[in-house]
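Engineer: kindly generate the corresponding structure for this input.
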Amino acid sequence: MKYAIRSLALLCLILASAATAAQLPDFTDLAETSGRAVVNISTVKVVKGQPNMQQFFRQAPRGQHPFGDFFDQFERFFGEQGRVPREQRSLGSGFVMSADGYIVTNNHVVEGADSIKVNLRADGNGEVSYDAEVVGTDKETDLALLKIAPKGTLPYLAFGDSDVLKVGQWVMAIGNPFGLDHTVTAGIVSAKGRTIGAGPYDNFIQTDASINPGNSGGPLINLDGQVIGINTAIIASGQGIGFAIPSSLARQVIDQLKEYKTVKRGWLGVSIQDVDANSAKALGLKDAKGALVSSVTPGDPADKAGIRAGDVITAVDGAQVADAGDLTRKIGDLLPGAKVGVTVWRDGKTVKLTLVLGERNAEKVAQASPGGSPEAPGEAVLGLSVRPVTEAEAGALDLDRAMGLLVVEVAEGSPAAQSGLAPGDVVLEANGKPVNTTKALQDVIAGDAKDKGVVMLLLKRQGRNVFRTIPLS
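Structural biologist: Okay, here's the model as predicted:
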């Protein structure tokens, strides 16, 4: 009886293992067909030689360094060798997106390269190599489009729709990790919409399919053989944590690079930040959603449409805005000159505005230079030591005129300190009202802010407007 029970248990285990195996996908055909369109990319960048020995080791004037004579003699024999240009080589991955030789990869794979070679699998086990030219790149999404001149039509991969991708779905990555060409790994989608600080359009797919250095630019493929992501980043200290640019974003960028050789994006002309729970409370919003406008650039589309600092942008063309990053992506997806409807929350009401987008460029995105702020005694409010800004200080604080209250000191452990205020900040408004005296600030706190249980401060910080909220209880 004992042996019969053991045999039955073993049989159940075998049957369960067989059932589990039957549910797992077989990647063999997918790896074979998709792998034909995956390429290895090798680049060469010529860098200048090292500076000569005197420049590198001796900063003191001639004759004052104890080893100066030694380096003079050393350079007579060896100095020229140190100045010979050298080649810096790197490897990456990519995939063919059209039969006529357009190839997608990451910008960081080819950035600054003097020559680029693309290696494709040929019939049999060999490879064929082509010189590639850069059609266009986009640093903000880390994408690049290359072109080769093939001797015939090439196998290629089509983009899928990453918007319908679900967490838990199977995916496969193919690339060139550590120079090991056409390495295939598989896993699942671990998460969507990840922000990792790579750029303004962060919206990564996270996967546990093994991704390593050299996989950059390679495809993340669904079970239908479609590219649903471009493998881009890893967490160096983690295992099974890789990130891919979603195809819904990549396809828009690549289409523009192919047509214009650059990417054109819409521009509002606002500085924005997320709405936190305290900000929502201060503004009378039901949920902590939307993008809080901290400043508006004069003459830009938002200014012309009547958007103000303190507005919360809640929707673009009827599509809800989740946070500041979501607004940046929504506007960036639109072309300059597009007419859009923007919904804002202002003074407890919904306001609908229409504007024509400008064009985003590096100059407009560049941050203002930080300004200085002298110290002087101030009057304490909310754990802040503040005093009115003087005419002499206005320019250094990047203000058009003397206005607001200069934060001189922040009490350690106070609500203001916990909310991130710092010496050198200038308090311009409290709950939407200008405050040029400590009494004006105290009046807001004793009135409107007391009723809401929170005060929202508009600050000038290092040339930029930012909002901070301080709970009063």
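
Engineer: tell me the confidence at residue 127?
Structural biologist: Per-residue confidence (pLDDT) for residue 127: 83.

Engineer: ok, now the one 5 residues further on?
Structural biologist: In the predicted model, residue 132 carries a pLDDT score of 96.

Engineer: ok, the one 3 residues further on next?
Structural biologist: The predicted local confidence for residue 135 comes out at a pLDDT of 97.

Engineer: that one is in what secondary structure piece?
Structural biologist: strand 133-138 (DSSP states H and E).

Engineer: likewise residue 313?
Structural biologist: Per DSSP H and E: strand 312-316 holds residue 313.

Engineer: and if you look at residue 29?
Structural biologist: Assigned by DSSP H and E, residue 29 falls in helix 28-35.

Engineer: other SSEs contacting the helix or strand just after that helix?
Structural biologist: Per DSSP H and E, the first helix or strand lying C-terminal to helix 28-35 is strand 38-47. Helices and strands touching strand 38-47, by 3 or more Cβ pairs under 8 Å, 6 or more residues apart in numbering; DSSP states H and E, are strand 86-96, strand 102-105, helix 107-110, strand 115-121. Quick note: C-beta positions are derived from backbone N, CA and C, even for glycine.

Engineer: ok, and what's touching the helix holding residue 29?
Structural biologist: 121, 155, 157, 172, 174, 182, 184, 219, 221, 223, 225 (Cβ atoms under 8 Å, 6 or more residues apart in numbering).

Engineer: and if we set it to 7 Å?
Structural biologist: Outside helix 28-35, the residues that touch it by Cβ atoms under 7 Å, 6 or more residues apart in numbering are 121, 157, 172, 174, 182, 184, 221, 223, 225.

Engineer: filter these down to just the buried residues.
Structural biologist: Listed as buried from the contacts of helix 28-35 are 121, 157, 172, 174, 182, 184, 221, 225; burial here means 16 or more other Cβ atoms under 10 Å.

Engineer: quick check: the second one is in a strand.
Structural biologist: In other words, residue 157. No. Per DSSP: H, G, I helix; E, B strand; the rest coil, residue 157 lies outside any strand segment and is coil.

Engineer: and it, how close does it get to residue 182?
Structural biologist: Counting by Cβ to Cβ, to the nearest Å, the gap between residue 157 and residue 182 amounts to 14 Å.

Engineer: ok, the last one next?
Structural biologist: Here residue 225 is placed at a distance of 16 Å from residue 182 (Cβ to Cβ).

Engineer: contacting residues around residue 196?
Structural biologist: Neighbours of residue 196 in contact, by Cβ under 7 Å, 6+ apart: 202, 204, 233, 243.

Engineer: name the nearest residue to the third one, ignoring sequence neighbours.
Structural biologist: Take residue 233 and drop its neighbours on the chain: the residue closest to it by Cβ to Cβ, 6 or more residues apart in numbering is residue 243, 4.4 Å away.

Engineer: so that neighbour is in contact with residue 194, correct?
Structural biologist: Yes. Assessed by Cβ atoms under 7 Å, residue 243 is found in contact with residue 194 at 6.2 Å.

Engineer: quick check: closest non-adjacent residue to residue 190.
Structural biologist: That would be residue 206: by Cβ to Cβ, 6+ apart, it lies 4.3 Å from residue 190.

Engineer: for the residue nearest the centre of the chain, give its distance to residue 249.
Structural biologist: Residue closest to the average C-alpha location in the chain (Cα atoms, centre = their mean): residue 199, at 1.9 Å. Noted for residue 199: a distance of 11 Å to residue 249, by Cβ to Cβ.

Engineer: ditto for residue 339
Structural biologist: Residue 339 is 23 Å from residue 249, by Cβ to Cβ.

Engineer: between those two, which one's more packed in?
Structural biologist: Neighbour totals were compared for residue 339 and residue 249, and residue 249 leads with 21 against 10 (other Cβ atoms under 10 Å).

Engineer: now residue 149. Its backbone dihedrals?
Structural biologist: phi -110, psi 90 (degrees, to the nearest 10).

Engineer: which residues touch it?
Structural biologist: Counted by Cβ under 7 Å, 6+ apart, residue 149 has contacts 101, 130.

Engineer: isn't residue 91 up against residue 215?
Structural biologist: No. At 10.1 Å, residue 91 and residue 215 do not qualify as touching, with contact defined as Cβ under 7 Å.

Engineer: around residue 240, how many other residues sit close by?
Structural biologist: 15.

Engineer: so that it lines up with my notes, have the first residue be 704 from now on.
Structural biologist: New numbering, starting at 704: the last item is residue 943.

Engineer: sec struct for it, please.
Structural biologist: Residue 943 is classified as coil under three-state DSSP.

Engineer: parallel or antiparallel, which strands does whatever helix or strand residue 1131 lives in pair with?
Structural biologist: Per DSSP H and E, residue 1131 falls inside strand 1129-1133. Applying DSSP bridges, strand 1129-1133 is found paired with strand 1108-1113 (antiparallel), strand 1136-1137 (antiparallel), strand 1157-1164 (antiparallel).

Engineer: quick one: contacts of the last one?
Structural biologist: Just to be clear, that refers to strand 1157-1164. 981-982, 984-986, 1012-1013, 1100-1102, 1107, 1128-1134, 1147-1148, 1152, 1168-1175.

Engineer: which residues touch the residue nearest to the centre of the chain?
Structural biologist: So residue 902 contacts 843-845 (Cβ under 7 Å, 6+ apart).

Engineer: if you set the cut-off to 10 Å instead, what comes out?
Structural biologist: 841-845, 1031 (Cβ atoms under 10 Å, 6 or more residues apart in numbering).
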